[in-house]
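S.K.: Turn this into a model:
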Amino acid sequence: MTRKGPSPFVASFLMTALVVSSQLVPGAEAGCDATQLAPCLPSFMPPFPPPTDTCCGKLKEQQPCFCDYMKDPRFGKYVKSPRAKEVLRLCKIPTLNVNWIGPKERRSALA
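M.R.: Numbering: from 1, shown residues only. Model prediction:
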């Protein structure tokens, strides 16, 4: 049997990481708080239920923080996962096309 998605251990680890490091996320002073996304965790674990209204509301509140979360090595692989895109789609939140080159590379590309 093939398991899809994170194991309960991974989900528990993610929740712990969210709680411990939320204050370290760039933009936290502007209202970015990864712990606010805790209501969405069930949607990332089997049997992958659809996101709740609470989850969608929190995602909408935290939407300005998505780029910071994607760039953060602690959260990026989860935020960029196919399941995250599906959860955003189900919540009717547009996904972003993020250009992953840094400012230095962007300046040289524009020169």
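S.K.: Low-confidence bits of this protein, can you list those?
M.R.: By pLDDT under 70, the low-scoring segments of the chain are 1-30, 96-111.
S.K.: What ranges does it have for its helices?
M.R.: Ranges of helices within the chain are 8-21, 53-62, 66-71, 76-79, 82-90, 103-110, based on DSSP state H.
S.K.: got a list of what residue 36 touches?
M.R.: With contact set as CB atoms under 8 Å, 6 or more residues apart in numbering, residue 36 has these partners: 58, 61-62. Any C-beta I mention is one placed from the backbone N, CA and C, and that applies to glycine too.
S.K.: Please render those residues as a markdown table that adds distance to residue 84 to the earlier fields.
M.R.: Shown next, in a markdown table, are the contacts of residue 36 (distance: CB to CB, whole Å):
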| residue | distance to residue 84 |
| --- | --- |
| 58 | 13 |
| 61 | 16 |
| 62 | 12 |
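S.K.: Residue 77 - how many residues pack around it?
M.R.: Applying other CB atoms under 10 Å, we find 11 residues neighbouring residue 77.
S.K.: Roughly how far does it sit from residue 37?
M.R.: Counting by CB to CB, to the nearest Å, the gap from residue 77 to residue 37 is 15 Å.
S.K.: for residue 43, same thing?
M.R.: 10 Å.
S.K.: Neighbour count: those two, which is higher?
M.R.: residue 37 (24 against 20).
S.K.: Please name the nearest non-neighbouring residue to that one.
M.R.: residue 58 (5.7 Å; CB to CB, 6 or more residues apart in numbering).
S.K.: I'd say the one you found and residue 41 touch.
M.R.: No - the pair residue 58 / residue 41 is not scored as a contact, 10.9 Å apart, by CB atoms under 8 Å.
S.K.: Looking at the two, which one has more neighbours?
M.R.: More neighbours surround residue 58 than the other of residue 58 and residue 41, with 20 against 16 (other CB under 10 Å).
S.K.: For residue 36, see how far away the more buried one is.
M.R.: Taking CB to CB, one finds residue 58 at 5 Å from residue 36.
S.K.: Run a quick neighbour tally on residue 78.
M.R.: Neighbour tally, residue 78, other CB under 10 Å: 22.
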